[in-house]
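Trainee: The following comprises the amino acid sequence and a computationally predicted model.
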Amino acid sequence: MRGKMLWFNEEKDHGFIATDEGERLPISGAGFAGGKRLQGRCAGVEVEFEVTESGGERVATGCVPVEQEVPRRARRHSSRGR
């Protein structure tokens, strides 16, 4: 399943993901694949994850950021030599 990170608090080890279907799912630090939590500002980062049930609540697990192609920057033209 895909969605976007809403936020993740590193100190509290907790955050939320908005699914593409509009559902808001909680995620803990243990919910990231390989223990690799997102750090810093992560709001809007596209992620892939699985949905499981824990204590009667749907939660995100196995979360990994989706690799997005970085757009190339325009070349800057120097005004030297003109």
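Mentor: Right, received. Where do you want to start? This is a predicted model, so every value here is computed, not measured.
Trainee: any chance you could map the helices in this structure?
Mentor: Counting by DSSP state H, the chain forms no helices at all.
Trainee: Okay, now the unreliable bits of it?
Mentor: For the chain, residues meeting the criterion pLDDT under 70 lie at 68-72, 74, 77-82.
Trainee: mind listing what Val45 touches?
Mentor: Contacts for Val45 (C-beta atoms under 8 Å, 6 or more residues apart in numbering) come out as Lys4, Met5, Leu38, Pro65. C-beta: built from backbone N, CA, C; applies to glycine.
Trainee: at 10 Å what do you get?
Mentor: Contact analysis of Val45 by C-beta atoms under 10 Å, 6 or more residues apart in numbering lists Gly3, Lys4, Met5, Leu6, Phe8, Ile17, Leu38, Pro65, Val66, Gln68.
Trainee: how close does it get to Arg75?
Mentor: Distance of Val45 to Arg75, computed by C-beta to C-beta, to the nearest Å: 28 Å.
Trainee: How about Glu21?
Mentor: In terms of C-beta to C-beta, Glu21 sits 41 Å off from Arg75.
Trainee: Nothing else from me, thank you.
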